[in-house]
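# Below is the sequence, then the predicted model.
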Amino acid sequence: MQKKDEISFRTDELDLKILQLLRKNGKLSTKEVAQELNLTYTPTYERIRKLENNGFIKGYHAEIDLALLGKKLTVFTQVSLKVHTQEFLDDFECSVTAFPEVQLCAHISGDFDYLLQIAVRDIEDYREFIVSKLSKIDHISKLHSNFVLKLIKDQGSIY
């Protein structure tokens, strides 16, 4: 079996259009994608399957309005660790991925080690998350929080 980095599959302009359509609306049927691109069903189906099989499409997900679920506050929290051994990095990553409040966790470069996107009800909920969950993780040296005032763009283009 080939590894993804060994795959020689190349995308073309049509593949990119398919990816863009599906990124906007993952519920589009193959027939709808084909109609949008003025193609027939079979080649469209084959292209979508190749994109899936070669890892360009990793899955299909519903975009959830967290505010309607009571999660009206989004916070980007930067985290620095005291120690950077693989064991401590793995422990941190395992801990934060278990927290339902954490929507995104990225290992980053720069002044901080991690960037977390956290969705909570309000500032009190965020404080409780910091005190009862995040601060319990060993080896955190510094936190910096940024509160989202207005979300301008949530999904970029693939072009």
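Received, thanks.

# what about the strands in the chain?
Along the chain, counting by DSSP state E, strands occupy 73-81, 102-107, 114-120, 140-147.

# Nearest to T40, out of these?
T40 sits nearest to strand 102-107 of all those, at 38.6 Å, using C-beta to C-beta. All C-beta spots, glycine's among them, are computed from the backbone N, C-alpha and C.

# coming back round to it: any chance of the strands of the chain in CSV with mean neighbour count and distance to E87 as columns?
Compiled in CSV, those are given as follows (neighbours: other C-beta atoms under 10 Å; distance: least, C-beta to C-beta, whole Å):
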stretch, mean neighbour count, distance to E87
strand 73-81, 18, 11
strand 102-107, 14, 15
strand 114-120, 20, 16
strand 140-147, 13, 15
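
# want to throw these into TSV with distance to Q35 and mean pLDDT?
Putting those into TSV (distance: least, C-beta to C-beta, whole Å; pLDDT from 0 to 100) gives the following:
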stretch	distance to Q35	mean pLDDT
strand 73-81	36	97
strand 102-107	34	97
strand 114-120	36	98
strand 140-147	42	96
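
# out of those, nearest to T11?
strand 102-107 (24.8 Å).

# other SSEs contacting the closest one?
Contacts defined by 3 or more C-beta pairs under 8 Å, 6 or more residues apart in numbering; DSSP states H and E place strand 102-107 against helix 86-97, strand 114-120.

# let's see 6 Å
In this structure, strand 102-107 makes packing contacts with strand 114-120, judged by 3 or more C-beta pairs under 6 Å, 6 or more residues apart in numbering; DSSP states H and E.

# strands paired with the strand it packs on, and their directions?
Applying DSSP bridges to the sheet, strand 114-120 is found paired with strand 73-81 (antiparallel), strand 102-107 (antiparallel).

# Identify the residues contacting the longest one?
The contact list for strand 73-81, computed with C-beta atoms under 6 Å, 6 or more residues apart in numbering, reads 112-120, 122, 126, 139-148.

# Right, I'll leave it there.
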